[in-house]
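>>> turn this into a structure:
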Amino acid sequence: MKLWLLRIVGFAVAFVVLTASALAHHARSGYDLSKTVTFKATVTKVDWVNPHALIYFDVTDSSGRTQNWHAITGGPSRMSRYGWTGDTLKLGDTITITGNPTKEGTNEIWLDRITLPNGREVVMHR
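Predicted coordinates for the structure are as follows:
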């Protein structure tokens with residue numbers, strides 16, 4: 001009986017440990033969804049990878065200093081449903097980027113939308 005109970009408890013602990021990171025990974029609790037920020041920015045790097053593509057960009061602040069930021073997006077398969085491809089953004093593109101900032105105030109946003117140099121707007125979700 002004790003061995004059976006030990007196995008059940010061990011399985012439950014293993015399940016929680018293995019699945020907790022997956023559930024936490026998809027939470028947006030680290031972002032202030034009540035606030036939106038918009039930047040004129042220059043694309044410096046795009047990582048078109050799973051589970052989330054990353055867009056790196058430079059923003060010039062009011063004192064003329066360049067700040068490095070990045071945006072977290074959905075995965076490439078999700079983004080492609082909204083018209084994105086790996087070639088949507090090019091290094092050096094001047095864009096307008098909008099998203100939700102982190103609660104901690106780091107230079108990171110949860111992407112909402114980007115206006116491309118040609119004026120086309122691509123969104124992260126509808």
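
>>> the helices in this structure, which residues?
2-25, 76-81 (DSSP state H).

>>> lowest mean pLDDT across these, which one is that?
With a mean of 58, helix 2-25 has the lowest mean pLDDT of those.

>>> dump the residue contacts of T38.
96-98 (CB atoms under 8 Å, 6 or more residues apart in numbering). Where C-beta positions appear, they are placed from N, C-alpha and C, glycine not excepted.

>>> can you tell me which of these are buried?
Applying a neighbour-count criterion of 16 or more other CB atoms under 10 Å, the buried members of the contacts of T38 are 97-98.

>>> tabulate the contacts of T38 (TSV), appending pLDDT.
Listed next are the contacts of T38 as TSV, based on pLDDT from 0 to 100:
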residue	pLDDT
T96	98
I97	97
T98	97
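
>>> can I get the contacts of T38 in a markdown table with distance to V59?
Listed next are the contacts of T38 as a markdown table, based on distance: CB to CB, whole Å:
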| residue | distance to V59 |
| --- | --- |
| T96 | 11 |
| I97 | 9 |
| T98 | 12 |
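
>>> out of the contacts of T38, which sit inside strands?
96-98 (DSSP state E).

>>> and the residues you listed, which is closest to V46?
Nearest to V46 out of the ones in strands among the contacts of T38 is I97 (CB to CB; 12.0 Å).

>>> so what's the closest one bridging to?
For I97, the beta-bridge partners under DSSP bridges are F39, I114.

>>> residues in contact with it?
By CB under 8 Å, 6+ apart, I97 lies in contact with 38-39, 41, 55, 57, 71, 109, 111, 113-115.
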